Every structure is written in structure tokens, then in C-alpha cells.
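S.K.: Need the 3D shape of this:
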Amino acid sequence: MRRIGGSKKDKKDEPIEYGPLGPGHAPAKDPMKGVRGVQAGTLIMEAITVFLVLTVILRIDEGHYWTTLNQVYVGVVGGAHVLLAFLQRFSWGLWVAVGLQVFVLLGGLIVHASMGIVGIIFVLVWWYLLHLRSNLIERMKRGLLTTQHM
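M.R.: This next block holds a predicted model:
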């Protein structure tokens with residue numbers, strides 16, 4: 001791999017290591033579009049899982065947790081997930097979806113522990129999606145995608 005010049009004063013000025021074919025050009029197909037599709041699909045799956053919490057609170061302890069507050073809370077959080085699935089094309093959509101995980105986790109305290117468990121699982125899923133996204137962006141910067149050299 002070859003290094004491209006630059007000073008090492010700070011991270012901005014640090015040289016980028018390019019692949020053996022160089023930096024290449026912009027990818028023929030936008031790989032971030034696929035990432036946004038995965039994020040939207042994850043939000044839909046999470047919405048389904050959050051809505052399933054309604055059946056849990058109805059059945060547990062003979063409906064003790066079946067209150068208007070709990071029903072509305074779960075409904076609003078689940079509905080927000082569905083809405084955000086269609087808004088992932090905007091740059092702020094990802095960060096709102098990540099912030100929405102806080103409300104799912106809070107549901108473990110407000111509604112029932114099962115919603116908190118769902119929140120923990122999906123926090124891990126979103127952490128992994130952000131990791132994959134940053135890896136893809138780094139690979140694009142270095143010119144390591146196949147479609148950058150076609």
C-alpha cells in the first residue's frame with residue numbers, strides 16, 4: 001500500500017492509506033443507499049418487536065400492566081419506529097433512530113422489563129450497524145470498493 005503525502009500534525013492532516021489501485025472514483029452504485037435500506041428494515045423489525053410488547057403487558061399478571069399510559073407509550077414508540085423507517089434518506093434520520101433507542105430502554109422502567117430487554121438487544125444491533133457503516137465509509141475513502149475501479 002502506498003501512502004499519500006501530508007503532515008502528521010493532527011488527525012485531519014494524517015495521510016490516507018490507499019489500496020493498491022489508488023483512490024479510484026466515486027462508486028458506480030451508492031453503497032450508502034444499501035446501508036440506509038438495512039437501517040429502515042431494522043426499524044421495521046424493531047417496531048414489530050415493540051408492538052409485541054403489547055401482548056406481553058396484556059397477559060402478564062392478569063393484565064396488571066395493561067394501563068392507558070403503557071398502551072399509549074408502546075404505541076407511540078412503535079409508531080415512531082415505523083415513521084423513521086421512511087425517513088432514513090435524510091442525514092438526521094440515522095441519529096434520530098439511534099436516539100429513539102433511549103425511549104425503548106426507558107420502556108423497561110415505565111412499561112415492563114420485557115421492553116427493556118428488547119431495547120438492550122436493539123441497542124446492540126444499532127451499535128453493530130454503526131460499526132459496519134463506519135467501516136464502509138473508511139473503505140470508500142481508501143478506494144477499496146470494487147465499484148470504485150470499474
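
S.K.: drop to CA atoms for contacts and neighbour counts, all remaining ones
M.R.: Noted.

S.K.: other SSEs contacting the one helix or strand Tyr128 maps to?
M.R.: For Tyr128, the enclosing helix or strand under DSSP states H and E is helix 113-142. The contact analysis (3 or more C-alpha pairs under 8 Å, 6 or more residues apart in numbering; DSSP states H and E) places helix 113-142 against strand 17-18, helix 31-59, helix 93-110.

S.K.: between the ones you listed, which gets nearest to Ser134?
M.R.: helix 31-59 (10.5 Å; C-alpha to C-alpha).

S.K.: tell me which residues in the following helix or strand past the closest one are buried?
M.R.: Read in the C-terminal direction, the helix or strand following helix 31-59 is helix 68-85, with elements assigned using DSSP H and E. Along helix 68-85, these residues count as buried under the neighbour rule (16 or more other C-alpha atoms under 10 Å): 70-71, 73-75, 77-82, 84-85.

S.K.: could you give the angle of helix 68-85 to helix 93-110?
M.R.: Using axes from the mean of the first three to the mean of the last three C-alpha atoms, to 10 degrees, the inter-axis angle of helix 68-85 relative to helix 93-110 is 160 degrees.

S.K.: what's the angle between helix 68-85 and helix 113-142?
M.R.: Using the same axes, to 10 degrees, the interaxial angle of helix 68-85 with respect to helix 113-142 works out to 20 degrees.

S.K.: Centre-most residue in the protein?
M.R.: With distances taken as C-alpha atoms, centre = their mean, the chain has Trp126 as the residue nearest its mean C-alpha position (4.2 Å).

S.K.: Flag the shaky bits of this protein, pLDDT-wise.
M.R.: In the prediction, the chain carries residues with pLDDT under 70 at positions 1-28, 144-150.

S.K.: same thing but 80
M.R.: Across the chain, the ranges flagged by pLDDT under 80 are 1-31, 141-150.

S.K.: which ones are touching the residue lying closest to Leu109 once chain neighbours are set aside?
M.R.: Distance criterion C-alpha to C-alpha, 6 or more residues apart in numbering; nearest residue to Leu109, sequence neighbours excluded, is Gly116 at 7.1 Å. Taking C-alpha atoms under 8 Å, 6 or more residues apart in numbering as the criterion, Gly116 is in contact with Val104, Leu105, Leu106, Gly107, Gly108, Leu109.
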